[in-house]
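coords below, sequence missing:
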């Protein structure tokens, strides 16, 4: 699954939002059907690849930022799996993010701001 246009990117993002909403109504994204979970993983991977190519932010994630994310996770008493669900990304992506192996993109900065209260200014200042 690969995105080939900006309109397809927006379509995939809407589809992910629908799946997140569906999972939220069920009480947990893990309660989605296997088919929906597979779609979610494929869509988020395609979105990530598109954003990395067309909306990249420079460099890898600094330990200052990953420490802030981990601190928020500890404060909310959530594990990586739950953090991934909250951010709408795969478990492997949160692992790569927290280990500093993945660069942030603009969409991820927005998700960290909206879901963990980490200000975009803080992230940009520490990149």
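Happy to help now that I have it. Only a predicted model underlies this, so the values are computations on that prediction, with no experimental measurement involved.

Quick check: which helices or strands does the helix or strand where residue 66 lies pack against?
Secondary structure from DSSP states H and E places residue 66 in helix 63-76. Counting contacts by 3 or more Cβ pairs under 8 Å, 6 or more residues apart in numbering; DSSP states H and E, helix 63-76 is packed against helix 80-87, helix 91-98, helix 106-116, helix 120-125. Placement of C-beta: from N, CA and C, glycine included.

Quick one: work out the angle between the third one and helix 63-76.
On the basis of axes from the mean of the first three to the mean of the last three Cα atoms, to 10 degrees, helix 106-116 is oriented at 30 degrees to helix 63-76.

buried ones in helix 106-116?
Of the residues in helix 106-116, those with enough neighbours to count as buried (16 or more other Cβ atoms under 10 Å) are 107-109, 111-112, 116.

now do the shortest one
Of the residues in helix 120-125, 122-123 count as buried by neighbour count, 16+ other Cβ under 10 Å.

about what we covered before: between the helix holding residue 66 and helix 80-87, how many degrees?
Using the same axes, to 10 degrees, helix 63-76 lies at 100 degrees relative to helix 80-87.

relative orientation of helix 63-76 and helix 91-98 in degrees?
Orientation note: helix 63-76 sits at an angle of 120 degrees relative to helix 91-98 (the same axes, to 10 degrees).
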